[in-house]
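Colleague: Here you go, sequence then predicted model.
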Amino acid sequence: MRRQGIVLGCVSFAIFVVGCAKRQSSYFPIKAGLTWSYQYVRGGNSGTLKFHTLDQREIGSTMATPLVEEGTTTFTQFVVSRDSGIYEIAYQSMSDPEPQVMLPQCVLKFPLKVGTTWNYYEVTYLLSSALYKVNNKPVLCKASAQSVSETVTTPAGTFYNCVRVVKRGKTSINVGMFYMTQTLPVDIEESEWYAPDIGLVKAIYKQTVPTNSQSVYSGELDEQLESFNQK
């Protein structure tokens, strides 16, 4: 009887763990047939960003879900759900004939609770300059779950029990002329809100340089969910 109790206890614990993992993965749903539409504002420009998921395909020895960003330059991320979190394992731009495998990048780390942290690589893509090459520099950021109970209202509606993730990082860019070396500090701060069974519902991305810089300019991108559908 005691051995049976141990076995049943182990089974119950395993079911509990699987159930928790499924509930947490609902904050970044990746099954096929999902579509998201976001309103965005970047500087003086605004518009719509659209994403959709496709059937899983094999990347190496792993089955991954393609997450496609629609537009004039289609970009696809290949994401997987694991017990430890949601990961991007490959990407494919319009110029890539096949997916480009990468070291797994954690998008959301489980357990989703306040204080959970992980590393995340971003690139400088919001800066602008007429004189210097300031974008596409990798930046190591520290991501952390700041809240698991936020309420967020967007054009798509009001969402409860949202997880708020904040990512922060620092880097510098070279703004020297000719053979001179001169660096300019860059601060990265990103806030993202994820709703259960929906995914990302709101995001604020900021890449900032000192206000006295006259040759490189800071950038900000704000996104809000406009619609979400599933087949």
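Modeller: Perfect, I can see it now. It should be emphasised that the depicted structure is a prediction, and the values quoted were computed from it without experimental measurement. Numbering: from 1, shown residues only.
Colleague: residues contacting the residue nearest the centre of the chain?
Modeller: Nearest residue to the geometric centre of the chain (C-alpha atoms, centre = their mean): residue 107, 5.2 Å. With contact set as C-beta atoms under 8 Å, 6 or more residues apart in numbering, residue 107 has these partners: 28, 79, 85, 86, 87, 88, 120. Where you see a C-beta, it was placed from the backbone N, CA and C, and this is true even at glycine.
Colleague: Quick check: the third one touching residue 104?
Modeller: In other words, residue 85. No - at 9.4 Å, residue 85 does not count as touching residue 104 under the criterion of C-beta atoms under 8 Å.
Colleague: Could you find the closest non-adjacent residue to residue 106?
Modeller: With C-beta to C-beta, 6 or more residues apart in numbering as the criterion, residue 106 has its nearest non-adjacent residue at 4.7 Å, and that residue is residue 118.
Colleague: Spit out the contact partners of that neighbour.
Modeller: Going by C-beta under 8 Å, 6+ apart, the list of residues near residue 118 reads 85, 106, 109, 142, 143, 144.
Colleague: what about the helices in this structure?
Modeller: 2-25 (DSSP state H).
Colleague: Show me the shaky parts of it.
Modeller: Applying pLDDT under 70 to the chain flags residues 1-22, 72, 176-181.
Colleague: mind redoing it with 90?
Modeller: Scanning the chain for pLDDT under 90 picks out 1-25, 43-44, 71-74, 130-133, 135, 174-183, 211-215, 231.
Colleague: Across the sheet, point out what pairs with residue 173.
Modeller: residue 184 (DSSP bridges).
Colleague: okay, now it: neighbour count?
Modeller: For residue 173, the neighbour count with other C-beta atoms under 10 Å is 19.
Colleague: That one reaches residue 136, doesn't it?
Modeller: No - with contact defined as C-beta under 8 Å, residue 173 does not reach residue 136; the gap is 10.7 Å.
Colleague: Overlap of the contact sets of these two?
Modeller: residue 124.
Colleague: sorry, back to before: for residue 86, see how far away the residue nearest to the centre of the chain is.
Modeller: As judged by C-beta to C-beta, to the nearest Å, residue 107 and residue 86 stand 5 Å apart.
Colleague: what residues are shared contacts of these two?
Modeller: Common neighbours of residue 107 and residue 86 (C-beta under 8 Å, 6+ apart) are 28, 79.
Colleague: What's opposite the closest residue in space to residue 105 that isn't next to it in sequence in the beta bridge?
Modeller: Distances taken as C-beta to C-beta, 6+ apart put residue 88 closest to residue 105, at 4.6 Å, once the chain neighbours are dropped. On the basis of DSSP bridges, residue 88 is bridged to residue 79, residue 105.
Colleague: residues in contact with residue 88?
Modeller: Contacts of residue 88 were listed using C-beta under 8 Å, 6+ apart, and they are 77, 78, 79, 102, 104, 105, 107.
Colleague: Counting neighbours, which bits of stretch 160-176 end up buried?
Modeller: For stretch 160-176, a neighbour-count test (16 or more other C-beta atoms under 10 Å) marks 162, 163, 164, 165, 166, 167, 168, 169, 171, 173, 175 as buried.
Colleague: right, I mislabeled it, should have said stretch 34-53
Modeller: Neighbour counts over stretch 34-53 (16+ other C-beta under 10 Å) mark 34, 36, 37, 38, 39, 40, 51, 52, 53 as buried.
Colleague: Which of those sits closest to residue 214?
Modeller: Nearest to residue 214 out of those is residue 40 (C-beta to C-beta; 27.3 Å).
Colleague: hang on, isn't that closest one packed against residue 223?
Modeller: Yes - under the criterion of C-beta under 8 Å, residue 40 makes contact with residue 223 at 4.8 Å.
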